[in-house]
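> Here's a sequence, model it:
(chains A and B)
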Number of protein chains: 2
Amino acid sequence: MRPSVTGFDVYDIRFPTSEQLDGSDAMNPDPDYSAAYVVLRTDGPARTEGHGFVFTIGRGNDVTAAAIEALRPYVVGRPAPRSAADLAALHHDLTHDSQLRWLGPEKGVTHMAAGAVVNAAWDLAAKTAGLPVWEFLAAMTPEELVSLVDFRYLTDVLTRQEALELLRAAEPGRAERARLLRAEGYPAYTTSPGWLGYDDAKLVRLAKEAVADGFAQIKLKVGADLDDDVRRLRLARAAVGPGIRIAVDANQRWDVPDALRWMAALAPYAPHWIEEPTSPDDILGHAAVRAGQPVKVATGEHVANRVVFKQLLQAGAVDFVQIDAARVSGVNENLAILLLAAKYGVPVCPHAGGVGLCELVQHLAMFDYVAVSGTREDRVIEYVDHLHEHFTDPAVIEGGRYRAPRAPGFSARMRPESIAAYRYPDGPAWLARRPAQEVIS
Amino acid sequence: MRPSVTGFDVYDIRFPTSEQLDGSDAMNPDPDYSAAYVVLRTDGPARTEGHGFVFTIGRGNDVTAAAIEALRPYVVGRPAPRSAADLAALHHDLTHDSQLRWLGPEKGVTHMAAGAVVNAAWDLAAKTAGLPVWEFLAAMTPEELVSLVDFRYLTDVLTRQEALELLRAAEPGRAERARLLRAEGYPAYTTSPGWLGYDDAKLVRLAKEAVADGFAQIKLKVGADLDDDVRRLRLARAAVGPGIRIAVDANQRWDVPDALRWMAALAPYAPHWIEEPTSPDDILGHAAVRAGQPVKVATGEHVANRVVFKQLLQAGAVDFVQIDAARVSGVNENLAILLLAAKYGVPVCPHAGGVGLCELVQHLAMFDYVAVSGTREDRVIEYVDHLHEHFTDPAVIEGGRYRAPRAPGFSARMRPESIAAYRYPDGPAWLARRPAQEVIS
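Modelled structure (predicted):
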């Protein structure tokens, strides 16, 4: 008997990160890093589980959990997915319900919820295969890989046939690149020094530590105050020297004219890229920012779906595509985005941090290297040293590089004791923070 | 004592419209027209209420209701809004919560929820002023109107000063246009003949009835099958003659190459516009469709926010801007969109139908005529004769024109007996539809 999905457990998990200023930036002054988390349980002797989640920053995590709940009927009772065909069918069913689609389409809470469930199914299928997700993907044929992609709204730029040709062209050397990954890992950069809430001394100390730890790139949050940003970037540049890349990240704080003015002032300190200079929906705005100042442009962590990524590439609006593992509809849609970036020859430098995003997205970047782009040149995965202790297979960084994950699955499993402690609002970590009278009542 | 908002009641209301094929199109074969509905209650002697809602098509209406619930803390306890300043502050608070913003930003379920609450506040403020919303808006000064708009991400195309100038230029003649509106109403078109689930005979009969009723424009759903669409459009053209406009609507069914092929085949029957030829996120795709075939392009009912509308106009992607009253963040964001359209000289032809959308959007189109664009030329509001009986101040159509509403408020109040009957899943209309054993258990 083939196992079926028999359980669908949804959790609202929140960490009180706003108590420190870790994670603070120009748009997000006090995030409580959170996960709307789903566990697919199965029958069968192994009782294999699939874990997935949406990353949020606090309020509204309950709304996202409700959106995941709405997907239960598409999953429970289904044979446990294990093949590309299973995962393609599930992705289709989760993103093409005509009534739920009205709530996007393919954007916002409902789309992120579909991504959590899709990713949980990938975790489950990869565990069943006994492979980490990056190897599970890299073992698929080009035909299987294109079968996973929803080409709707892409065919003016990328057809199934073109995607197949891209993947076939990258087939030679897959094994060698996988071997290199296991030996050398994948380059990372760190955002840990650059949170906006840190004072200058902490910024300088952490920037130097990052270089000592082997990182060749760091990132600073900017966008709230130009004089502060000039001073902080100058200090960081002095701390790390000219050979280390310093990216800056405005977290959508600016209009186009602000971005041009700000980056003209920051350009003398040679920032590697300006990330999220304006609204993630503003394709033409990003193109104007890229054309109007000398610093390269990166975006993607808040880009809603493959259709917007397609246009960012069509419009020549970005130098770096920053996929996020848990905003679009999971592995399947990220595969579409990797293929679009490969077609345009634009490097993919994933967004990470948050809760568990490093754990997930490393698999996608490594798969991209092995089977899509075929290169690590100009590519780097974000790393934030934050909340990894809550995962059973945390991302491992050595010498400024992600080690290739070896455990089967998507590295997505949160420790049961963390889930229990940080459940909102009734986990002990939250009960302990309530005002006394509220606990009594 | 100034009244405060003391209550915030949220309802999941669904109508079993999928039992007929009213509302069926190429992407939405079986909608159950629904509303995630909110009532703001106030104290004070008048106990004035504000009503607002998100329109959905069934599943997920509960998720949208949960997103409205998440906004309760921003509303309850607040002085009842009555001025432009109050409504600007409320709109800001509902759309700028940094944690909730992560779930969009400004798109999908959370943004639509903000729109429902903003619109409920407008209903409340206009009732307090004793005016229908269109007159309440048209009585504001240009300075008050621009204060309502969030110009973030717009200033590369429209600054506050430019908006002020547009509004000042339209000040002369406001009173005369309001008088004309009260005398003549505002032109409508009807989608009632064209649902995809209707057979040819019903299509022809309803098309002729529409013309007899005074409509100068009808609309047909297309996109599922090209031969069917050619036949249906031919029949409709024969039924109404050359002097009646026939718009066609693909409801996002196509990729760009499909749209070009399809419209080349339909063009001989002189469709007035092609609506939603592709993804509402695909600005460059719409521009390509507009450039690549002879029929004018319309879109907007699924456009997520002002940033996407801005780009559709920048890119020359649309001939008609179709605002929706209940998808963006309410009156305030629609005011931004009306100003953007006015700057580009593109006519606004609102989307309506659904549940209560005709009731809401007529106010915005009429305000646009009185105080923004200053013209009804090439403008027309969609009308669908559907579910109006559930509203206490239903839209009134006479001779193919919307009558100007006279009752104070936003015409948004659903009859209490309709709310009671169609509450999901426990209203009598739904209990009666459950399988017998489910009711027993």
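> Contact partners for the residue of the stretch 201-350 of chain A found nearest chain B?
Closest contact between the stretch 201-350 of chain A and chain B, by C-beta to the nearest C-beta, is at A:Val256 (3.9 Å). Any C-beta I mention is one placed from the backbone N, CA and C, and that applies to glycine too. Shown here is A:Val256, whose contacts under the criterion C-beta atoms under 8 Å, 6 or more residues apart in numbering or on different chains are A:277-278, A:282, A:285, A:288-289, A:292, B:155-156.
> repeat that with 6 Å
A:Val256 makes contacts with A:278, A:285, A:288, B:156, as judged by C-beta atoms under 6 Å, 6 or more residues apart in numbering or on different chains.
> try A:Pro347
Residues in contact with A:Pro347 (C-beta under 6 Å, 6+ apart) are A:320, A:378-379.
> want to throw these into TSV with distance to chain B, secondary structure and pLDDT?
Converted to TSV, the contacts of A:Pro347 look like this (distance: C-beta to the nearest C-beta, whole Å; DSSP: H, G, I helix; E, B strand; the rest coil; pLDDT from 0 to 100):
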residue	distance to chain B	secondary structure	pLDDT
A:Phe320	20	strand	98
A:Asp378	25	coil	97
A:Arg379	26	coil	98
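> from those, which is closest to B:Val75?
Distance to B:Val75, by C-beta to C-beta, is smallest for A:Phe320 among the contacts of A:Pro347, at 40.3 Å.
> Verify the stated contact: that closest one with A:Val348.
No: at 7.5 Å, A:Phe320 does not count as touching A:Val348 under the criterion of C-beta atoms under 6 Å.
> what about those two, which has more around it?
Using other C-beta atoms under 10 Å in any protein chain shown as the criterion, A:Phe320 and A:Val348 rank with A:Val348 on top: 26 against 22.
> one step back: can you add neighbour count and give the contacts of A:Val256 back as a markdown table?
What follows is the contacts of A:Val256, written out as a markdown table (neighbours: other C-beta atoms under 10 Å in any protein chain shown):
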| residue | neighbour count |
| --- | --- |
| A:Thr278 | 26 |
| A:Gly285 | 27 |
| A:Ala288 | 22 |
| B:Asp156 | 20 |
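> Just the ones of the residues you listed in helices?
Members of the contacts of A:Val256 lying in helices (criterion: DSSP state H): A:285, A:288.
> contacting residues around whatever residue of chain A ends up closest to chain B?
Per C-beta to the nearest C-beta, A:Gly108 is where chain A lies closest to chain B, at 1.6 Å. Shown here is A:Gly108, whose contacts under the criterion C-beta under 6 Å, 6+ apart are B:104, B:107-109.
> the domain parsing of chain A - what is it?
Partitioning chain A according to automatic domain parsing yields domains covering residues A:5-141, A:174-418.
> how about the ones you listed in JSON lines, adding distance to B:Met414?
Written out in JSON lines, the entries for these read as follows (distance: least, C-beta to C-beta, whole Å):
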{"stretch": "domain A:5-141", "distance to B:Met414": "19"}
{"stretch": "domain A:174-418", "distance to B:Met414": "31"}
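> Can you check which of these gets nearest to B:Asn305?
Evaluated with C-beta to C-beta, the domains of chain A place domain A:174-418 nearest to B:Asn305, the distance being 6.6 Å.
> Strands of chain A, start to end?
Per DSSP state E, chain A carries strands over the ranges A:5-14, A:34-42, A:49-56, A:186-194, A:217-221, A:245-249, A:271-275, A:296-299, A:320-321, A:381-383, A:397-398, A:401-402.
> State the pLDDT value of the residue nearest the centre of chain A.
Nearest to the geometric centre of chain A sits A:Asp324, at 2.6 Å (C-alpha atoms, centre = their mean). Per-residue pLDDT puts A:Asp324 at 98.
> Kindly report the same for A:Ala436.
For A:Ala436, the predicted pLDDT is 62.
> residues from chain A in reach of chain B?
Contact residues, chain A versus chain B (C-beta under 6 Å from any C-beta of the partner chain): A:28, A:56-60, A:63, A:66-67, A:70, A:98-100, A:102-104, A:107-109, A:153, A:155-156, A:255-256, A:279, A:281-282, A:284, A:307-308, A:311, A:314.
> isn't A:Ala114 right next to A:Ser329, touching?
Yes: using C-beta under 6 Å, A:Ala114 is in contact with A:Ser329, at 4.6 Å.
> quick one, which of those two is more surrounded?
More neighbours surround A:Ala114 than the other of A:Ala114 and A:Ser329, with 31 against 26 (other C-beta under 10 Å).
> what's the more buried one in contact with, if anything?
Contacts of A:Ala114 (C-beta under 6 Å, 6+ apart): A:94-95, A:329.
> Helices - which of these land there?
Those of the contacts of A:Ala114 mapping onto helices are A:94-95, per DSSP H.
> Can I get the contacts of A:Ala114 in CSV including pLDDT and distance to B:Val370?
Formatted as CSV, these follow (pLDDT from 0 to 100; distance: C-beta to C-beta, whole Å):
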residue, pLDDT, distance to B:Val370
A:Leu94, 98, 45
A:Thr95, 97, 42
A:Ser329, 98, 43
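> quick one, helices of the stretch 151-300 of chain A?
Remark: helices assigned in the stretch 151-300 of chain A by DSSP state H, counting those that start in this stretch are A:160-169, A:174-184, A:200-212, A:226-240, A:256-266, A:283-292.
> and the ones you listed, which is most packed in?
helix A:283-292 (a mean of 22; mean count of other C-beta atoms under 10 Å in any protein chain shown).
> list the helices and strands it packs on?
Judged by 3 or more C-beta pairs under 6 Å, 6 or more residues apart in numbering or on different chains; DSSP states H and E, the packing partners of helix A:283-292 are helix A:256-266, strand A:296-299.
> which other residues reach that helix?
Helix A:283-292 is contacted from outside by A:256, A:259-260, A:277-278, A:297, A:311-312, A:315, A:317, B:311, B:314, using C-beta under 6 Å, 6+ apart.
> what about A:Gly241, how many neighbours?
A:Gly241 has 9 neighbours, counted by other C-beta under 10 Å.
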